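Asker: This is a predicted model, with the sequence first.
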Amino acid sequence: MARRDLKVPQRQPSAARSPSNTIDSLWRNAALEQVPAKTVLFREGDLPDSLFVLSEGLIQLYTSCGEAETTVLIVKPLTCLLAGPILRNEHLTVSARSLQPSHLFRLGAADVRRRVGLD
């Protein structure tokens, strides 16, 4: 799917504190990805390399202990996935996978930290 087919998310209340030029520059560098159902986006314990914004679809955040999995949250659009660990460069405490075909914007974590740090 071409990027022009999806609207870039507008400023959300949580982004209201960020200057518009910071948000605009982040969106200019965002890559749109279409992922099939059951795609693992990231795993618990990983250091995040990307910030994902769900545009369409459903994402399951889950945690594992041995063979057992527990769903923490089902994420619907328009949601930013785990901004806190990305901004603090911390290991992730949950894993994520798509429950159905989904569209996500991927923003480089280092770019997000650098640009937000300029505010």
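Answerer: That came through, no problem.

Asker: What residues sit buried inside stretch 79-93?
Answerer: When burial is assessed from 16 or more other CB atoms under 10 Å, stretch 79-93 yields the following buried residues: 79-83, 85-86, 92. In short, each C-beta sits where N, CA and C put it, glycine included.

Asker: Actually, stretch 105-119.
Answerer: With burial defined by 16+ other CB under 10 Å, the residues of stretch 105-119 counted as buried are 105-109, 112, 115-116.

Asker: Show only the entries of these found in strands.
Answerer: Using DSSP state E to define strands, the subset of the buried residues of stretch 105-119 located there is 105-108.

Asker: And the lowest mean pLDDT element among the helices and strands of the protein?
Answerer: One helix or strand of the chain scores below all others by mean pLDDT, DSSP states H and E: helix 20-28, with a mean of 72.

Asker: Which residue ranges of the chain form helices?
Answerer: Applying DSSP state H to the chain gives helices spanning 20-28, 83-88, 109-117.

Asker: of those, which approaches residue 72 most closely?
Answerer: Residue 72 lies closest, by CB to CB, to one member of the helices of the chain: helix 83-88, at 13.6 Å.

Asker: Which residues are in contact with the nearest residue to residue 70 once chain neighbours are set aside?
Answerer: Among residues not flanking residue 70 along the chain, residue 63 sits closest, at 5.4 Å (CB to CB, 6 or more residues apart in numbering). Residue 63 makes contact with 44, 69-70, 72, 93-95, according to CB atoms under 8 Å, 6 or more residues apart in numbering.

Asker: I'd like the distance between residue 63 and residue 43.
Answerer: Between residue 63 and residue 43 the distance is 10 Å, computed by CB to CB, to the nearest Å.

Asker: shared neighbours, those two?
Answerer: With contacts taken as CB under 8 Å, 6+ apart, the residues that reach both residue 63 and residue 43 are residue 95.

Asker: who's the residue most central in space within the chain bridged to?
Answerer: Nearest to the mean C-alpha position of the chain, counting by CA atoms, centre = their mean, stands residue 52 at 1.7 Å. Beta bridges link residue 52 to residue 81, residue 106, judged by DSSP bridges.
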